[in-house]
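Novice: predicted model follows, preceded by the sequence.
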Amino acid sequence: MDLEKPSAERPASREAERPAPGAEGCLAVAIRLPVRIVVLVLVVPVRMVWDALVVAGRFLRDTLLRPVGRALGLVLAWVARALFVWPWVALWRYVLRPAGTALVRLGQVLLVVPAVWLYRAVLTPLGHALSWTVRKTAALLVLALTGVLAAIEWFGGGVGAVCGWVYARLLTPVGRAVALVSKGVGMVLAAVAFGVYTAVAWLVRYLLVVPAVWLYTWVLTPVGRAAAFLAGWFARIVGTVFTGIGVALYRTARVLLVLPALAVWRWVLVPVGRALAVVAREIGEALGHAWRIAGYVSLAVGRFLARLFRWTFVEPARWVYRTVLTPVGHAVRDLVLKPAAEAARAVRRTVRQALEAARDTARQARADFRRMLFGTPAEPRPVARREPAAGETRTLGSSTTALMKD
């Protein structure tokens, strides 16, 4: 288990990756210090400007851009809801849904109810009648087909007996005679065909095959071998010529192009590239060190400016607020605001009492006017209660029911 901290491993890995002092060349050692000084002088103002811009950007983001963005988001959300959501909701709620309900009811009245009535009152009796008709017709057809099949069976038995007698007494002798005649004719035709085949095969062999074999053996084979020999010899000559030309071109290109390019690469470009790589590496490392040092410098300058601003503006303002404005505010609150609030509450209380008295007077005047016009209303008559009063207590000698009262 690795118990070391990652922060302790990183410097070790960087030190391991960095080459040893003896392994670095004199060029790296010579350009390191001037490059770092120049880069530090150039980078410190840039880092300070960058940090100032970062602080200003964060201040603007926290104090201006984020509240404005939230307000714009709320406004845009309200506008989008007013433009896209509310019209569709109103269209659905007040147009489409009532229209759909009306269409459903209209379709039910115009289509469903007549279709159900047509099915129950017309199609169902008609279907039962058709079913009964089809069953009766099928039964009659089955009876008719049974009779027809019986007649066909009787007629077929008679026709079969006649056909059997014709086959046994007439067709069988005639067929045997025809078979004997066709067998003899077939033998004669086979003999003639075999003789014709033998003659044609002999003519084809001695007129075509034998001359073709002789021509291939004694004419085409020697000519082809001679042509192949000449073609191989010509190909070897051409290959030798092109090989010599290719070797000459290769040697010429190597001497004129490859060797100079190799020399330029080995003795010019590689050293210049290594020097440029060392310079670029040193400039990169110098930029990194300068950026970090400039960060510390910018942090120190920022802290100094913040402390200067604090001691110049914040602390005097705080002292003025604590020692001057707070006592003055307390005196204004105790001597002016509280008496004014008490006077306002007293005036409000007086006005409320006057309004209540005026309201009671108006109510009493309305009651007197109603009594003058319509008279005094009749008093409700008292009803005899058959239950004990709430103040009386229940004892063993008294009764609380209607049937057992004293």
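Specialist: The structure has been received and is ready for your questions. Numbering: from 1, shown residues only.

Novice: can you pull the contacts of V192?
Specialist: Applying C-beta atoms under 8 Å, 6 or more residues apart in numbering, we find V192 in contact with no residue. Heads up, the C-betas are built off the backbone N, CA and C, glycines and all.

Novice: tell me how far it lies from A199.
Specialist: 11 Å (C-beta to C-beta, to the nearest Å).

Novice: same question, A129
Specialist: A129 is 87 Å from A199, by C-beta to C-beta.

Novice: which pLDDT does the model give H128?
Specialist: H128 is assigned 88 on the pLDDT scale.

Novice: which SS state does it fall under?
Specialist: Put simply, H128 is helix when judged by DSSP: H, G, I helix; E, B strand; the rest coil.

Novice: so who does it touch?
Specialist: H128 neighbours (C-beta under 8 Å, 6+ apart): none.

Novice: just the CA coordinates for the helix or strand where P67 lies, please, in PDB.
Specialist: Assigned by DSSP states H and E, P67 belongs to helix 66-80. Provided in PDB are the C-alpha atoms of helix 66-80 (Å, rounded to 0.1, in the frame of the first residue of the first chain):
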ATOM      1  CA  ARG A  66     -25.300  36.800 -12.900                       C
ATOM      2  CA  PRO A  67     -28.200  39.000 -11.600                       C
ATOM      3  CA  VAL A  68     -28.800  40.400 -15.100                       C
ATOM      4  CA  GLY A  69     -28.700  36.800 -16.500                       C
ATOM      5  CA  ARG A  70     -31.100  35.500 -13.900                       C
ATOM      6  CA  ALA A  71     -33.500  38.500 -14.600                       C
ATOM      7  CA  LEU A  72     -33.200  37.900 -18.300                       C
ATOM      8  CA  GLY A  73     -33.800  34.200 -17.800                       C
ATOM      9  CA  LEU A  74     -36.900  34.900 -15.800                       C
ATOM     10  CA  VAL A  75     -38.200  37.500 -18.300                       C
ATOM     11  CA  LEU A  76     -37.400  35.200 -21.200                       C
ATOM     12  CA  ALA A  77     -39.100  32.300 -19.400                       C
ATOM     13  CA  TRP A  78     -42.200  34.400 -18.800                       C
ATOM     14  CA  VAL A  79     -42.200  35.700 -22.400                       C
ATOM     15  CA  ALA A  80     -41.800  32.200 -23.700                       C
END
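
Novice: now do stretch 327-341, average pLDDT.
Specialist: The model assigns stretch 327-341 a mean pLDDT of 89.

Novice: could you export it as CSV, CA atoms only?
Specialist: Extracted in CSV, the C-alpha atoms of stretch 327-341 (Å, rounded to 0.1, in the frame of the first residue of the first chain):
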residue,chain,number,x,y,z
PRO,A,327,-25.3,57.2,17.8
VAL,A,328,-27.0,59.8,15.5
GLY,A,329,-29.2,57.0,14.2
HIS,A,330,-30.1,55.8,17.7
ALA,A,331,-30.8,59.4,18.8
VAL,A,332,-33.0,60.0,15.7
ARG,A,333,-34.8,56.7,16.4
ASP,A,334,-35.4,57.5,20.1
LEU,A,335,-36.2,61.2,19.8
VAL,A,336,-38.0,61.4,16.4
LEU,A,337,-39.1,58.0,15.0
LYS,A,338,-40.5,56.4,18.1
PRO,A,339,-42.6,59.4,19.2
ALA,A,340,-43.8,59.8,15.6
ALA,A,341,-44.7,56.1,15.5
